[in-house]
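Student: here is my input; please provide its structure:
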Amino acid sequence: MIIENRKGNLYFDGCDTVSLAKKYGTPLYVYSQTEMVSRINELKDCFIHKYKNTRVAYASKALNIKAILKLMEKEDLSLDVVSGGELYTAIDIGFPAERIEFNGNNKLPEELDMAIEYGVGRIIIDGLQELKLIEEICQNKNKKVNVLYRITPGVKSDSHDYIVTGKKDSKFGIPLDDDVFYPAIKDAIDSDWVNFYGLHFHVGSQLFDNTSHLKALDIILDYIEEIKKRFNYEIKELNVGGGFGIQYTDEERKPYSYFLDPMMEKIESYFKKSEMNRPSIVIEPGRSIVGEAGITLYTVGSIKDISGVKKYVSVDGGMTDNIRPALYEAKYHGVIANKFDKKADDLVSISGKCCESGDILIEDIKIPLAEAGDILAVFSTGAYGYSMANNYNKNPIPAAVLVKDGKDSLIIKRQSYKDMIKNEILASWM
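Tutor: You can find the predicted model right below:
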């Protein structure tokens, strides 16, 4: 993370965070383009340039906004979307259709219609009934689309249950039951309206151990071989997902190569022995590209010191701009941006302004003695902060700025009260 101390203030990618808070107001999302490009370059060096026939698809659910998608386009990444809204945003900026893949466990007919009309490069089928729906839309449009099947490998990852997706009991993916899986494969191979490209799996998020990826890969490779035996068909693409962990507090972030090199060695070795053509390999990092590239700025308000119990420092945001602590018990680290050079020796809990006891952004953190008007910076909020922002208690969604080498640019306007209620209508009899 590109942070430094200048004259007691926190600077982020060359920008004074205290000045940003004054200029744009708080709460404020701040994203570092330099940090994102650094992660992308790491991926290019250890994956795209190192191994032939590979792609990186940015999992945009982490942060799907125009400026970030445009950056991914300029950096030659592909794009993973999981909803009509995410796809619409990509279409709005002219993201190349052939570099878009459409994921999701319950794609609506109108979403699939939009995807097929735009000509997305891949649709990743998540359920058995989805193929027929895609075929109907393609037939009506006289178009053909490339598809992969997302499968459930049946491996358990070491992460929060809400973000573990590869175990057998999951709402995601097609179970690897022979009487279900192989007929589905045959239907796709035989279809007049889809090109069956291959398989996709995702084992979970915020992972620091490569074991579950490798176990899932062992399982999938056996099924790829069986597809060849049963149908004389070689898949063209294998998508191994993402889920690479980042640092929120004291976690030790692993380099991308820790996950990718063992997988690629296993894949290369397997296909050499099998005499099949090695398919294109795709990964879907999201959080690991944008997570540490974001911070959120808040203004300190009321302070409540309960003698012998706890000291609460309240800020002007909370679970409306970062619901993850309330939802996942996610942990974060923060600092007083205008007292960055002061000793952090006051143990407090950072509370949000929502009318919820669970609206605690950070439980038990040491900061310098806080006063009303101070600026709090919370680190590693680039992923899922804005994506999951909400209007609980009718709090507006914050603005966002992109920073780079000391320059700042507004990329999301702050929601106004008027914006928030513009779709509300009184009943006709009122």
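
Student: give the contact list for residue 253.
Tutor: Neighbour list for residue 253: 208, 245, 246, 247, 292 [criterion: CB atoms under 8 Å, 6 or more residues apart in numbering]. For glycine as for every other residue, the C-beta is placed from the backbone atoms N, C-alpha and C.

Student: at 6 Å instead, please
Tutor: 246, 247 (CB atoms under 6 Å, 6 or more residues apart in numbering).

Student: distance of it relative to residue 61?
Tutor: According to CB to CB, to the nearest Å, residue 253 stands 20 Å off from residue 61.

Student: and the helices in the stretch 301-430 of the chain, which stretches?
Tutor: Per DSSP state H, counting those that start in this stretch, the stretch 301-430 of the chain carries helices over the ranges 324-328, 417-421.

Student: low-confidence ranges, the stretch 51-200 of the chain, go.
Tutor: By pLDDT under 70, the weakly predicted segments of the stretch 51-200 of the chain are 156-172.

Student: at 50 what do you get?
Tutor: 157-167 (pLDDT under 50).

Student: buried deepest among the helices of the stretch 301-430 of the chain, which one?
Tutor: The highest mean neighbour count among these, using mean count of other CB atoms under 10 Å, belongs to helix 324-328: a mean of 18.

Student: so residue 93 touches residue 70, yeah?
Tutor: Yes - counting by CB atoms under 6 Å, residue 93 does reach residue 70; the two are 5.4 Å apart.

Student: buried residues in the longest helix that the chain contains?
Tutor: As assigned by DSSP state H, the longest helix anywhere in the chain is helix 211-231. Going by neighbour count (16 or more other CB atoms under 10 Å), the buried part of helix 211-231 is 212, 213, 214, 215, 216, 217, 219, 220, 221, 223, 224, 227.

Student: identify the neighbouring strands of the helix or strand following it in the sheet and state each direction.
Tutor: Following helix 211-231 in sequence order, the next helix or strand is strand 237-239 (DSSP states H and E). Paired with strand 237-239 in the same sheet, following DSSP bridges, are strand 194-200 (parallel), strand 280-283 (parallel).

Student: straight-line length of stretch 112-132, end to end?
Tutor: 12 Å (CA to CA, to the nearest Å).

Student: what sits up against that stretch?
Tutor: So stretch 112-132 is contacted by 84, 87, 91, 97-103, 105, 137, 143, 145-150, 184, 187, 200 (CB under 6 Å, 6+ apart).

Student: returning to that earlier point: could you dump the strands paired with strand 237-239 to JSON lines with distance to residue 372 and mean neighbour count?
Tutor: Formatted as JSON lines, those follow (distance: least, CB to CB, whole Å; neighbours: other CB atoms under 10 Å):
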{"stretch": "strand 194-200", "distance to residue 372": "50", "mean neighbour count": "23"}
{"stretch": "strand 280-283", "distance to residue 372": "46", "mean neighbour count": "22"}
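
Student: out of those, the one nearest residue 14 is which?
Tutor: With respect to residue 14, and counting by CB to CB, the nearest of the strands paired with strand 237-239 is strand 280-283 at 30.1 Å.

Student: confirm that residue 43 sits in a strand.
Tutor: No - counting by DSSP: H, G, I helix; E, B strand; the rest coil, residue 43 falls outside a strand, being helix.

Student: tell me the pLDDT at it?
Tutor: Note for residue 43: predicted pLDDT of 98.

Student: doesn't residue 56 make contact with it?
Tutor: Yes - the criterion here is CB under 6 Å, and residue 43 meets it with residue 56 at 5.2 Å.

Student: now for residue 190: which residues touch it?
Tutor: Under the criterion of CB under 6 Å, 6+ apart, residue 190 has no neighbours.

Student: where are the low-confidence patches of the stretch 251-400 of the chain?
Tutor: For the stretch 251-400 of the chain, no stretch is flagged by pLDDT under 50.

Student: show me the strands in the stretch 1-150 of the chain, by range?
Tutor: For the stretch 1-150 of the chain, the strands defined by DSSP state E, counting those that start in this stretch occupy 3-6, 9-12, 15-16, 28-32, 54-59, 78-81, 100-102, 122-125, 145-152.

Student: number of nearby residues for residue 425?
Tutor: Per other CB atoms under 10 Å, the neighbour tally for residue 425 reads 8.

Student: oh, and call the first residue 55 from now on, that's how I've got it
Tutor: Sure thing, new numbering starts at 55, so read that last one as residue 479.

Student: could you report the separation of residue 324 from residue 267?
Tutor: For residue 324, the distance to residue 267 - CB to CB - is 14 Å.

Student: oh sorry, the question was meant for residue 311
Tutor: 13 Å.

Student: do residue 281 as well
Tutor: Taken as CB to CB, the span from residue 281 to residue 267 is 21 Å.

Student: repeat that for residue 100.
Tutor: On the measure of CB to CB, residue 100 and residue 267 end up 15 Å apart.

Student: go on, residue 65?
Tutor: Distance from residue 65 to residue 267, by CB to CB: 36 Å.

Student: next: residue 442.
Tutor: Taking CB to CB, one finds residue 442 at 25 Å from residue 267.

Student: also residue 191?
Tutor: As for residue 191, its distance to residue 267 is 33 Å (criterion: CB to CB).

Student: what of residue 230?
Tutor: Distance of residue 230 to residue 267, given as CB to CB: 16 Å.

Student: now swap in residue 397 and tell me
Tutor: From residue 397 to residue 267 the distance is 42 Å (CB to CB).

Student: many thanks, have a good one.
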